[in-house]
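Participant: The following block contains a protein sequence and its predicted model.
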Amino acid sequence: MAQPTIDRATFDELKETAGAEFVVELVDTFLVEAPQLLDTLRRSLATRSADEFRRAAHSLKSNSNTFGALTLGAMAKELELTGLAPALEARGATVDALAQEYARVAAALTELKHA
Amino acid sequence: MREGGFGRARLLVVDDNKVNRLLLTRSLELMGHSVASAENGRVALDMLRRASFDLLLLDMEMPEMDGFQVLEQLKNDLQLRDVPVIVTSSLEGIDSVVRCIELGAEDYLPKPVNPVLLKARLGASLEKKRLRDQQKELVRRFATPEVAQDLQNSGFALGGKRVDATVMFSDIRGFTPLAESQAPEETIELLNTYYMLMFSAISGHGGVVNQMIGDGLMAVFGAPLPLADHRESAVRTALEMIELVELFNHEREAAAKPPIRIGIGIASGEMVAGYTGTNERATYTCIGDVVNLASRIEEHTKVAQCAILIDGATRAGLDERIEVEPLGPVVFKGKTLPVDVYSVGVGQKP
């Protein structure tokens, strides 16, 4: 992927406007919340709960963009827009890909917050 | 209501997502505002009903009660519908944004929220709210609470509607010689105390004072807001007014001042109530034969030497416990048919 995991300009701007200390707290909150959102995506995919699926994707998109995790944000947006429409297997594969991207984001953010 | 100025406003952030909630709260606090937060629409509405906020920052996509539902509820709530709302969301599609604005949202900010844009939009919204609050305060001071409420509910429009209501006229007997015999300052003080007493009796029974001329006043029961037992409320008000004047006279006697006497005339029926004047300067009033009749009846209290006189239509709406004495038909100036007049309570020497 050509795009970096975290867009540094976005992240630095966030740090500048909200304060470095606060951003540490914000990243920690995201690292707790995001895995729960991923769980919700998997669960709602299995139970075919379209609203829940869309809301979780929406939240993940919104938070990813806040930190400059643009690739993750774009993937979440795709899930939000297409919802449960694609075939179950294909959808499951996208959620897995999203989880892998999240792992990269989490690692990058953990490193960045101490930078 | 708290001061509006946008130095430090009380804001409520509503977002189900913790990261968004924390970040927005932080941005707003850095701008010097005091911020509370709620994780869904239901909690937000509870908080809005318990405490006053200057502005709401609302996310749309939320479980339990989403932003659209919150906007709907606010729109239909007389107490809350003036709280400005800025929608902060990352909703997809222009349709959603349009729907927010149509539902009464003041502005829309896409997420992630740009702090500079947030500050500008927030400032503009709070300034608009401050002007609106100022206007409401002016209306409150120069109109009765009922008229202010009516204006807020249905807006201002010249013109009237037919209502079934009761009108009361009252004035101080022999006021001109009294005013001439004392210093103007003393007269003003007398009028202020007198009006304060009369207003408390009238509004205590659901009436609205809509005119004050010198020592006289006109009050309406049943408009602009309907009142189920407007006839009886008007008569009970009159009795309380007489009682209050008696108490006031005791005080005046103690201060070696002459007592005052009042006369009250009441009539009921259909009349036209509404705003008359121009679009720049208007007043809420009632017009019709019934209004003229109440005024004539009030004048007649001097002739009949009674404190309270009412017409037959008012009498028909009274509880049996209120004593009335028929005075027979009276022909009033400008009326072709005689009108049955009744005296209420104990007679009072003029």
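Facilitator: Okay, I see it.
Participant: hey, where'd the helices end up in the chain?
Facilitator: Assuming you mean chain A. Assigned by DSSP state H, the helices in chain A fall at A:8-18, A:20-47, A:50-67, A:70-82, A:88-113.
Participant: Switch to chain B, please.
Facilitator: Along chain B, the segments classed as helices by DSSP H run B:18-30, B:41-50, B:67-75, B:94-102, B:115-142, B:145-154, B:175-180, B:184-204, B:230-254, B:289-304, B:312-315.
Participant: Which of these comes out lowest on mean pLDDT?
Facilitator: Mean pLDDT is lowest for helix B:145-154 among those, at a mean of 69.
Participant: How much space separates B:Leu22 from B:Glu232?
Facilitator: 59 Å (C-beta to C-beta, to the nearest Å). Heads up, the C-betas are built off the backbone N, CA and C, glycines and all.
Participant: Let me know the pLDDT of B:Val167.
Facilitator: 96.
Participant: quick one: it from chain A, how far?
Facilitator: 58 Å (C-beta to the nearest C-beta, to the nearest Å).
Participant: So that residue sits against B:Val291, correct?
Facilitator: Yes. With contact defined as C-beta atoms under 8 Å, B:Val167 reaches B:Val291; the gap is 5.1 Å.
Participant: What residues sit buried inside stretch B:121-138?
Facilitator: B:Arg121, B:Leu122, B:Ser125, B:Leu126, B:Lys129, B:Arg130, B:Asp133 (16 or more other C-beta atoms under 10 Å in any protein chain shown).
Participant: I meant stretch B:66-82, not that one.
Facilitator: Quick answer for stretch B:66-82 (16+ other C-beta under 10 Å): B:Asp66, B:Gly67, B:Phe68, B:Gln69, B:Val70, B:Leu71, B:Gln73, B:Leu74, B:Leu80.
Participant: Next: stretch A:96-115.
Facilitator: So stretch A:96-115, judged by 16+ other C-beta under 10 Å, has buried residues A:Leu98, A:Ala99, A:Glu101, A:Tyr102, A:Arg104, A:Val105, A:Ala106, A:Ala108, A:Leu109, A:Leu112, A:Lys113.
Participant: can you list contacts of that stretch?
Facilitator: With contacts defined as C-beta atoms under 8 Å, 6 or more residues apart in numbering or on different chains, stretch A:96-115 is touched by A:5-6, A:11, A:23-24, A:27-28, A:30-31, A:34-35, A:38, A:41, A:60, A:64, A:67, A:69, A:71-72, A:75-76, A:79.
Participant: Name only those of the residues you listed that count as buried.
Facilitator: A:5-6, A:11, A:23, A:27, A:30-31, A:34, A:38, A:41, A:60, A:64, A:67, A:69, A:71-72, A:75-76, A:79.
Participant: and the residues you listed near chain B, which?
Facilitator: A:Phe30 (C-beta under 8 Å from any C-beta of the partner chain).
Participant: list the helices and strands the longest strand along chain B packs on?
Facilitator: In chain B, with assignment by DSSP state E, the single longest strand is strand B:262-277. For strand B:262-277, the elements it packs on are strand B:159-172, helix B:230-254, strand B:282-287, helix B:289-304, strand B:308-311, helix B:312-315, judged by 3 or more C-beta pairs under 8 Å, 6 or more residues apart in numbering or on different chains; DSSP states H and E.
Participant: Can you tell me the strand partners of the first one and which way each runs?
Facilitator: It stands for strand B:159-172. Next to strand B:159-172 in the sheet, as set by DSSP bridges, lie strand B:216-221 (antiparallel), strand B:262-277 (antiparallel).
Participant: Having no further points to raise, I will conclude here.
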